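Asks: quick one, what's the 3D model for this:
(one chain, ligands or ions: 2)
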Amino acid sequence: METSADLLPFPKPGFAQRAFSGLFDLLYPPHCFHCAQPLPDGPNKYLCDRCFKTVRILKGESCPRCAHPGKSPTGEDCQFCRTRTLRFDAAVAAVEFGDASRAIIHALKYHGNMPAARLLGGWLAAALNDHPMRDSNLIIPVPLHRSRLAHRGFNQALLIAGTLSATVNKPLHDGNLRRIRHTETQTRMSVAKREENVKGAFSLRKPVLVAGRSIILVDDVMTTGATMSECARILKAAGARSVLAVVAARA
Ligand SMILES: [Zn+2]
Ligand SMILES: [Zn+2]
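Replies: Residues are numbered from 1 along each chain as shown. Ligands and ions are numbered 1, 2, ... in the order given. So this is what the prediction gives:
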């Protein structure tokens, strides 16, 4: 893993962490993230079979340009991004944002649930597995503004990106791309309003570290893509060769 004095490397799960996670499972037997029913022993430690069946895995079933869920994965047919200028080169979403995936993302985002981060990071690794841009060589999470980070205590995108980094064995840089302006919650905004809202909200502390690199930009959810597009614009302005936007869930 690459490190730099000013950048925070994300630790890989070590023996102690794995042992602790085993102990945690013993003390608190796993429950389904969505319906909360106890889960039997088995490979699926996060969702019961019934809830897992409702998760729509998007592999091969989303727009390659913006990851919008759709039957035919051809950029030209996508109603969503046809009229947009998106600054990333391609986008991948592991799953469609639905009831069960929302429950997992909320467990991570509002409760810092690490098993949820590992699940989502694992899904991302699987989604990237045969992507044409899978050789991209540097993982960067979408940053939170320091006031939101202080309030929440962690950046959910970093937690997902950390699992992805450990799984696919690619370096992760956190702390270089920064959110320098606090932005309003975008939930009720139109696409145009969201693009305006995030304009100039990001900067790079050390632009030279992304020059010539192929970036995997990671976030938990993509709705309109405005935030990731603005991050990609900053990365490209600093000389990044390409930016692949990767999210756990696509709304
Ligand atoms: Zn369930
Ligand atoms: Zn699209």
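Asks: for the rest of this, base every contact and every neighbour count on C-alpha atoms.
Replies: Fine.
Asks: His151: how many residues sit nearby?
Replies: Residue neighbour count, defined by other C-alpha atoms under 10 Å, stands at 8 for His151.
Asks: if I've got this straight, it is in a helix?
Replies: Yes. Checked against DSSP: H, G, I helix; E, B strand; the rest coil, His151 lies within a helix.
Asks: run through who's touching stretch 98-105.
Replies: Contact partners of stretch 98-105, identified using C-alpha atoms under 8 Å, 6 or more residues apart in numbering, comprise 33-34, 51-52, 54-56, 95, 116, 220, 249, 251.
Asks: which bits of this protein sit near ligand 1?
Replies: Within reach of ligand 1 by C-alpha under 5 Å from the ion, the chain has these residues: 32, 34-35, 48, 51.
Asks: state the next helix or strand along the chain beyond the helix or strand bottoming out on mean pLDDT in the chain.
Replies: Across the helices and strands of the chain, the lowest-confidence element by mean pLDDT, DSSP states H and E is helix 15-27, at a mean of 55. Downstream of helix 15-27, the first helix or strand assigned by DSSP states H and E is helix 49-53.
Asks: pick out the residue closest to the middle of the chain.
Replies: Central residue of the chain (C-alpha atoms, centre = their mean): Asp219, 2.8 Å from the mean position.
Asks: right, and that one touches Ala248 too?
Replies: Yes. Using C-alpha atoms under 8 Å, Asp219 is in contact with Ala248, at 7.0 Å.
Asks: distance check, the closest residue in space to Ser242 that isn't next to it in sequence against His68.
Replies: Nearest residue to Ser242 in three dimensions, chain neighbours excluded: Ser214, at 4.8 Å (C-alpha to C-alpha, 6 or more residues apart in numbering). Using C-alpha to C-alpha, to the nearest Å, Ser214 is found at 22 Å from His68.
Asks: re the thing from before, list the contacts of the residue nearest to Ser242.
Replies: Per C-alpha under 8 Å, 6+ apart, neighbours of Ser214: 136-138, 240-244.
Asks: who are the packing partners of the longest helix belonging to the chain?
Replies: For the chain, the longest helix by residue count, based on DSSP state H, is helix 114-128. Applying 3 or more C-alpha pairs under 8 Å, 6 or more residues apart in numbering; DSSP states H and E, one finds that helix 114-128 makes contact with strand 90-96, helix 99-111, helix 156-168, strand 242-250.
Asks: I'd like the next helix or strand past it.
Replies: Downstream of helix 114-128, the next assigned helix or strand under DSSP H and E is strand 138-141.
Asks: can you name the residues in contact with that following strand?
Replies: Identification of contacts with strand 138-141 by C-alpha under 8 Å, 6+ apart yields 157-158, 161, 165, 170-174, 177, 213-219.
Asks: what's the mean pLDDT across that strand?
Replies: With pLDDT averaged residue by residue, strand 138-141 scores 98.
Asks: ok, stretch 65-76 next?
Replies: Throughout stretch 65-76, pLDDT has a mean value of 72.
Asks: use 32 as the first number for this chain going forward.
Replies: Got it, first residue is 32 now, which makes that one stretch 96-107.
Asks: can you give me the end-to-end span of stretch 70-79?
Replies: With C-alpha to C-alpha applied, stretch 70-79 spans 6 Å between its terminal residues.
Asks: show me where the stretch 182-282 of the chain has its strands.
Replies: 208-210, 233-235, 245-253, 273-281 (DSSP state E, counting those that start in this stretch).
Asks: wait, which of those is closest to His162?
Replies: strand 273-281 (10.1 Å; C-alpha to C-alpha).
Asks: of the contacts of strand 169-172, keep whichever come out buried.
Replies: Using 16 or more other C-alpha atoms under 10 Å as the burial test, those include 188-189, 192, 196, 201-205, 208, 244-250 as buried.
Asks: returning to that earlier point: output the helices and strands packed on helix 145-159 in a markdown table; the columns should cover mean pLDDT.
Replies: Shown next, in a markdown table, are the helices and strands packed on helix 145-159 (pLDDT from 0 to 100):
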| stretch | mean pLDDT |
| --- | --- |
| strand 121-127 | 93 |
| helix 130-142 | 89 |
| helix 187-199 | 94 |
| strand 273-281 | 96 |
